[in-house]
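S.K.: Structure of the sequence below:
(2 chains)
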Amino acid sequence: NAGVTQTPKFQVLKTGQSMTLQCAQDMNHEYMSWYRQDPGMGLRLIHYSVGAGITDQGEVPNGYNVSRSTTEDFPLRLLSAAPSQTSVYFCASRLANTGELFFGEGSRLTVL
Amino acid sequence: KNEVEQSPQNLTAQEGEFITINCSYSVGISALHWLQQHPGGGIVSLFMLSSGKKKHGRLIATINIQEKHSSLHITASHPRDSAVYICAAGGSQGNLIFGKGTKLSVKP
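M.R.: Sure, this is the predicted structure:
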């Protein structure tokens, strides 16, 4: 099993550009989530999904969009990038809402 | 007040020392997670526990549900244990609230 695969690892954007962070897992996990990690702050939940076709907002959803068309994939879209979205992004999955968490390797995004 | 508080924020130890990192939470939880993040690296799950104690190698995690407190212990610490250790409280809805992390540096 590859676990949780997250791409790209690094990305530089200009303000106003859009992009998609990809996240895929091959463990048949129901629960997938996106977090951002900023210096001095804990991981913060952006969006999450408890199964295909179901998504919901987390703590910091503004400026981000998600979809879950399959169990495996959970892409995160930045619609119009802003410097405040400069961060490290992590995708994670778990079998159910009480299962062990598996993280992707992270994506470092810089918005100029 | 943060719902998940970790202490200390930073910890420097000599190789071989016994290390304790604490986590207190103010929310009701279904499980408490301990995670490890190496510099520039990804995040790995160490433990998930809802009661009692778990041990894996030199790592021990305990939780006291009544006191809403968990500890992560590292016995015979080694420089390769240097990392940020994060606790996260999981509610019944499945979402987690993360502490800010404890940065551990173990000197040889």
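S.K.: Quick one: name the residues of chain B near chain A.
M.R.: Taking CB under 8 Å from any CB of the partner chain, the part of chain B that reaches chain A is made up of B:2, B:4, B:30-31, B:33, B:35, B:41-45, B:48, B:86, B:88, B:90, B:92-101. C-beta here means a position set from N, CA and C on the backbone, and glycine is covered the same way.
S.K.: Please pick the buried ones from the residues you listed.
M.R.: Neighbour-count burial within the residues of chain B next to chain A applies to B:4, B:31, B:33, B:35, B:42-43, B:45, B:48, B:86, B:88, B:90, B:94-101; the criterion is 16 or more other CB atoms under 10 Å in any protein chain shown.
S.K.: May I have stretch B:10-29 as PDB, with CA atoms only?
M.R.: C-alpha atoms of stretch B:10-29 as PDB (Å, rounded to 0.1, in the frame of the first residue of the first chain):
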ATOM      1  CA  ASN B  10      10.400  23.200  24.000                       C
ATOM      2  CA  LEU B  11      12.500  20.500  25.700                       C
ATOM      3  CA  THR B  12      16.200  19.800  25.500                       C
ATOM      4  CA  ALA B  13      17.500  16.600  27.000                       C
ATOM      5  CA  GLN B  14      20.700  14.700  27.100                       C
ATOM      6  CA  GLU B  15      20.900  11.300  25.500                       C
ATOM      7  CA  GLY B  16      19.700   8.600  27.800                       C
ATOM      8  CA  GLU B  17      17.300  10.800  29.800                       C
ATOM      9  CA  PHE B  18      13.700  10.000  30.600                       C
ATOM     10  CA  ILE B  19      11.400  12.400  28.900                       C
ATOM     11  CA  THR B  20       7.800  13.400  29.600                       C
ATOM     12  CA  ILE B  21       5.500  15.500  27.500                       C
ATOM     13  CA  ASN B  22       2.100  16.500  28.800                       C
ATOM     14  CA  CYS B  23      -1.200  17.200  27.100                       C
ATOM     15  CA  SER B  24      -4.300  18.600  28.700                       C
ATOM     16  CA  TYR B  25      -7.600  19.000  27.000                       C
ATOM     17  CA  SER B  26     -10.900  20.600  27.800                       C
ATOM     18  CA  VAL B  27     -13.200  18.900  25.400                       C
ATOM     19  CA  GLY B  28     -14.900  15.600  25.600                       C
ATOM     20  CA  ILE B  29     -13.000  13.000  23.500                       C
END
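S.K.: for it, the distance to its chain's centre please.
M.R.: 6 Å (CA atoms, centre = their mean, to the nearest Å).
S.K.: Chain A against chain B: which residues are in contact?
M.R.: Counting by CB under 8 Å from any CB, chain A sits next to chain B at A:31, A:33, A:35, A:40-45, A:48, A:50, A:58, A:90, A:92, A:94, A:96-106.
S.K.: Would you write a ChimeraX line that selects the buried entries of these?
M.R.: If you want just the buried ones from the residues of chain A next to chain B in ChimeraX, going by 16+ other CB under 10 Å, the selection is:
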select /A:31,33,35,42,43,44,45,48,50,58,90,92,94,97,99,101,102,103,104,106
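S.K.: Quickly list what the most centrally placed residue in chain A is bridged to.
M.R.: Taking CA atoms, centre = their mean, the centroid of chain A lies closest to residue A:34, which sits 3.0 Å from it. With DSSP bridges as the criterion, residue A:34 is bridged to residue A:47, residue A:91.
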